[in-house]
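Enquirer: quick one, structure for this:
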Amino acid sequence: MSKILTVEAKLFLREPAALLFALLLPLVLLLGLGSLPRFQEAVPELGGQRIIDTHFPSMMMLLGLITLAFTVMPATLATYRESGVLRRMSTTPVRAGRLLTAQLLINVVVAVLASTILTVLGWAVLDIGLPREPLGFAVSFVLGGASLFALGLLIASISPTAKAAPGIGTVLMFPLMFISGMWVPRESMPEVLRQIGDFLPVAPFGQALRDTWAGHAPNPRDLVVMAATVLIAGGAAARLFRWE
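Expert: As a prediction, this is how the structure comes out:
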């Protein structure tokens, strides 16, 4: 397993686009937009905090995670299936399932690393505080990340070709990011959009990150939605995944 992890990690690092969108893009957006004076002002509705203290770090973290889960990982797995790598490995003592596990572990490690760098640089450069509810933040991060990667495995399972995988992920990613409040505050959205978003994992994940960053416990409903997504999407991916 360690050899597979090493090889897959080297292959991952040879794809600069993955690191660019998962790590550098959220970081550049956080530091660039966070430096604007309008986002440095205290907002009474946020208890005197700045927008960059709660909204920006959680949304940029979410952007990195969903990019990895919805585009990078599905594209890699679909490519392996289309090129026959999974089929050939399934006939050897090194089962193809280990390759899937290695891919999942690598993407999770990159997600954690990117989120850590984002948090540390936000604190060092923009004086953004650390999450005020660390335990709730950790639980939300684990459940939210698991829900996104479960959906990513489902995307890889249903993608007919390697080229289709990132396309499907992108088509799903932008609407989900929109209703999560990435570009427009959820409070200003129509009620129907907010209600739809409440039952999809991305909006609850983003809300849980914002809540715990501000020092509040995550809403139990948000945690339930994320956990249910892990079970439903993960189960569907396991049933639908094709080795060839």
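Enquirer: for the most centrally placed residue in the chain, which residues are in contact?
Expert: A centroid search over the chain (Cα atoms, centre = their mean) returns Leu65, at 2.2 Å, as the residue closest to the centre. Residues in contact with Leu65, defined by Cβ atoms under 8 Å, 6 or more residues apart in numbering, are Ala111, Ser115, Gly144, Gly145, Leu148. The way it works is simple: take the backbone N, C-alpha and C, and place the C-beta from them, glycine included.
Enquirer: the protein: helices as residue ranges?
Expert: With helices called from DSSP state H, the chain shows them at 2-13, 16-19, 25-34, 37-40, 51-67, 73-82, 85-89, 96-126, 134-158, 164-179, 191-198, 202-213, 220-240.
Enquirer: so which of these comes closest to Pro185?
Expert: Smallest distance to Pro185 across those (Cβ to Cβ): 8.1 Å, for helix 51-67.
Enquirer: so that closest one versus helix 96-126, what angle?
Expert: Here helix 51-67 runs at an angle of 160 degrees relative to helix 96-126 (axes from the mean of the first three to the mean of the last three Cα atoms, to 10 degrees).
Enquirer: relative to helix 73-82, how tilted is helix 51-67?
Expert: Interaxial angle of helix 51-67 relative to helix 73-82 (the same axes, to 10 degrees): 10 degrees.
Enquirer: OK, contacts around Leu200?
Expert: By Cβ under 8 Å, 6+ apart, the residues touching Leu200 are Leu176, Ile179, Val225, Thr229.
Enquirer: which of those residues sits closest to Arg87?
Expert: Nearest to Arg87 among the contacts of Leu200 is Thr229, at 29.2 Å by Cβ to Cβ.
Enquirer: check the gap between that closest one and Leu154 for me.
Expert: Spatial separation of Thr229 from Leu154 under the definition Cβ to Cβ, to the nearest Å is 10 Å.
Enquirer: same question, Glu41
Expert: Taking Cβ to Cβ as the criterion, Glu41 is separated from Leu154 by 41 Å.
Enquirer: between these two, who's got more neighbours?
Expert: For Glu41 and Leu154, the more surrounded residue by other Cβ atoms under 10 Å is Leu154, and the numbers stand at 24 against 10.
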